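Q: what follows is a predicted structure for the sequence shown.
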Amino acid sequence: PAGLESVGAGAFRECASLESIVVSQANRYYDSDGMALYSVGEKPSLIFVSAAFSGRYEVREGTVRIEKGAFAGCPQVLTASLPASVEIIVPGAFSGVADGFEIALPEANGAFFLDGPALFSADGATLVRVFPGASGTYAAPESVRRIAAFALEGCASLREVILPKGVREIGRYAFAESGI
């Protein structure tokens, strides 16, 4: 609707029958590409990707923030391609993704980097996410000081995680639904 001003976190979580998202052109707060809902304004956010989408999802250029639950219940999304503009990934943004899910991240992104199955803050101090499909033993690099909330959630094939001595904080649900 044109007057919609607020969408709560998880409002469309696991809505498997939702095939498309259409937002009125008169809405000043939200926009859609047909398969995802975005907030607009000074710091555009990806709020939600439809569970009906499959394959590689290209997050819109200019998106600054990926909200909690943005990819929740999207078992057919195999890759999320993030633009260089992404600065914030809210913990839980990739909750519920399937084994084999991957992130594509341009080198120009100064906020995050990938190392194997894991996504880190640019300085390497925060382990943002280890993606499902990681198996056996995962050893976090010595630079890690913080394990973000939901960081290893859903990593059912992991049997052991080795954390460096410098870890000072482990976020809530960091190991939820993992094999540990």
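A: In hand now; what should we look at?
Q: only C-alpha atoms from now on, for both contacts and neighbour counts.
A: Fine.
Q: pLDDT wise, what is R65 at?
A: The confidence metric pLDDT takes the value 96 at R65.
Q: I meant G69, not that one.
A: We note a pLDDT of 89 for G69 in this prediction.
Q: so where do the helices sit in the chain?
A: If you assign secondary structure with DSSP state H, the chain ends up with no helices.
Q: and the residue located most distally from the centre of the chain, its phi and psi?
A: Largest separation from the mean C-alpha position in the chain: A26, at 28.5 Å (C-alpha atoms, centre = their mean). Geometry field for A26 lists phi and psi as phi -80, psi -10, criterion degrees, to the nearest 10.
Q: would you mind measuring from it to F12?
A: Separation of A26 from F12 (C-alpha to C-alpha, to the nearest Å): 22 Å.
Q: over to S39?
A: In terms of C-alpha to C-alpha, S39 sits 14 Å off from F12.
Q: ok, now C74?
A: Counting by C-alpha to C-alpha, the separation of C74 from F12 is 11 Å.
Q: compare these two (neighbour count), which wins?
A: More neighbours sit around C74 than around the other of C74 and F12, counting by other C-alpha atoms under 10 Å; the figures are 26 against 20.
Q: ok, and the closest non-adjacent residue to the more buried one?
A: When the adjacent residues along the chain are set aside, C74 lies closest to A51, with 4.4 Å between them (C-alpha to C-alpha, 6 or more residues apart in numbering).
Q: residues contacting that neighbour?
A: A51 makes contacts with 14-19, 71-77, as judged by C-alpha atoms under 8 Å, 6 or more residues apart in numbering.
Q: ok, of the residues you listed, which come out buried?
A: E14, F71, A72, G73, C74, P75, Q76, V77 (16 or more other C-alpha atoms under 10 Å).
Q: can you give me the pLDDT of the closest residue to the second one other than its chain neighbours?
A: Going back to what we said before, that points to F71. Distances taken as C-alpha to C-alpha, 6+ apart put F94 closest to F71, at 5.2 Å, once the chain neighbours are dropped. Residue-level confidence at F94 comes out at 91, pLDDT.
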